[in-house]
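Engineer: Got a predicted structure plus its sequence, pasted below:
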Amino acid sequence: MYVFALVTQPVDLTLTGIAQGNVVFFGTGPVRAVVQPNLDLETELQAETQTLEAVLAHDRVIQTLFCHTTVLPLRFGTVFTTPQVLLEHLQARQDQYLNRIQTLRDQGEFTLSLSAQTAPTATVTGQGRDYFRAKKDQFTQVLRDQEQAQQEWDALVQGLHHHFHAQIQARTDRLFILVPRPHWEQLAPWLAQQTLNHWQYTLTGPGAPFHFV
């Protein structure tokens, strides 16, 4: 059985999964799995385009669920060999999953993509000492810009923690930010007021908490 996510109660939705398959809610306890019962994932992923379509379908199911209930996303490719194995797994880890779903209630994930802005490097001319002095000044300016960019990044992360009580997963060029629902509308205006002279950014969300499971 292919599993997209876990929820605490079924939702009155018609969900279409990978390769247009039917998606149903599975289980009888307080934690339900959102599954596509008859999917042969290995067969469906024979081509690269099929893999991409499957990943997009996986994300689409989870994002649709997120619009209606608290959802605990599972990784793409999560498969249980039989319904009984899945049922036993849900029963064994019921308390753990319930606690995690509870911590994600009324939380949404935003993605803040950041691109460092570097000043164009001028061609150094001259000879002798003048040339080496100009190269040194140029290198010093690059280091200064990098330092200021890092300071802006650090201040941004601290501000997100302080103002929004946000959880953050940082990558080289982006921040995944888990924000409580009351702050969703405040995030974009707050970002616009921050000093980010060395960065360009794009904010997307809210969406399901893929990076906080």
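Structural biologist: Great, that's in hand.
Engineer: is it fair to say residue 203 lies in a helix?
Structural biologist: No: per DSSP: H, G, I helix; E, B strand; the rest coil, residue 203 lies outside any helix segment and is strand.
Engineer: The residue lying closest to it once chain neighbours are set aside and residue 164, how far apart?
Structural biologist: Once flanking residues are discounted, residue 203 sits nearest to residue 112: 5.4 Å by Cβ to Cβ, 6 or more residues apart in numbering. Yep, even glycine has a C-beta here, placed from its N, CA and C like the rest. Remark: distance between residue 112 and residue 164 (Cβ to Cβ, to the nearest Å) = 12 Å.
Engineer: what residues are shared contacts of those two?
Structural biologist: In terms of Cβ atoms under 8 Å, 6 or more residues apart in numbering, residue 112 and residue 164 are both contacted by the residues residue 177.
Engineer: who's in contact with the least confident helix or strand in the chain by mean pLDDT?
Structural biologist: Within the chain, confidence by mean pLDDT, DSSP states H and E is lowest for helix 41-44 among all helices and strands, at a mean of 79. With contact meaning Cβ under 8 Å, 6+ apart, helix 41-44 is reached by 2, 18, 19, 50, 54, 77, 79.
Engineer: what's residue 190 in contact with, if anything?
Structural biologist: 159, 163, 164.
Engineer: doesn't it fall inside a helix?
Structural biologist: Yes: under three-state DSSP, residue 190 falls within a helix.
Engineer: just to revisit the earlier point, CA atoms only: put the helix or strand the residue nearest to residue 203 falls within into PDB for me.
Structural biologist: Using DSSP states H and E, residue 112 maps to strand 107-116. Only the C-alpha atoms of strand 107-116 are listed here, as PDB (Å, rounded to 0.1, in the frame of the first residue of the first chain):
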ATOM      1  CA  GLN A 107       1.000  25.400  11.400                       C
ATOM      2  CA  GLY A 108       2.000  26.100   7.800                       C
ATOM      3  CA  GLU A 109       5.300  25.900   6.000                       C
ATOM      4  CA  PHE A 110       6.700  28.800   4.000                       C
ATOM      5  CA  THR A 111       9.700  28.600   1.700                       C
ATOM      6  CA  LEU A 112      11.900  31.700   1.600                       C
ATOM      7  CA  SER A 113      14.300  31.400  -1.400                       C
ATOM      8  CA  LEU A 114      17.200  33.700  -1.100                       C
ATOM      9  CA  SER A 115      19.700  34.800  -3.800                       C
ATOM     10  CA  ALA A 116      22.900  36.700  -2.800                       C
END
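Engineer: Neighbouring strands - and their directions - for it?
Structural biologist: According to DSSP bridges, strand 107-116 has the following sheet partners: strand 174-180 (antiparallel), strand 199-207 (antiparallel).
Engineer: For residue 187, find the nearest of these.
Structural biologist: Set against residue 187 and scored by Cβ to Cβ, the strands paired with strand 107-116 come closest in strand 174-180, at 6.0 Å.
Engineer: Show me the contact partners of that closest one.
Structural biologist: 104, 106-114, 156-157, 160, 164-170, 187, 205-206, 209-212.
Engineer: got the CA positions of that strand in PDB?
Structural biologist: Extracted in PDB, the C-alpha atoms of strand 174-180 (Å, rounded to 0.1, in the frame of the first residue of the first chain):
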ATOM      1  CA  ARG A 174      16.600  29.000   1.300                       C
ATOM      2  CA  LEU A 175      14.800  28.800   4.600                       C
ATOM      3  CA  PHE A 176      11.900  26.500   5.300                       C
ATOM      4  CA  ILE A 177       9.800  28.300   8.000                       C
ATOM      5  CA  LEU A 178       7.000  26.700  10.100                       C
ATOM      6  CA  VAL A 179       4.700  29.500  11.100                       C
ATOM      7  CA  PRO A 180       1.600  29.400  13.400                       C
END
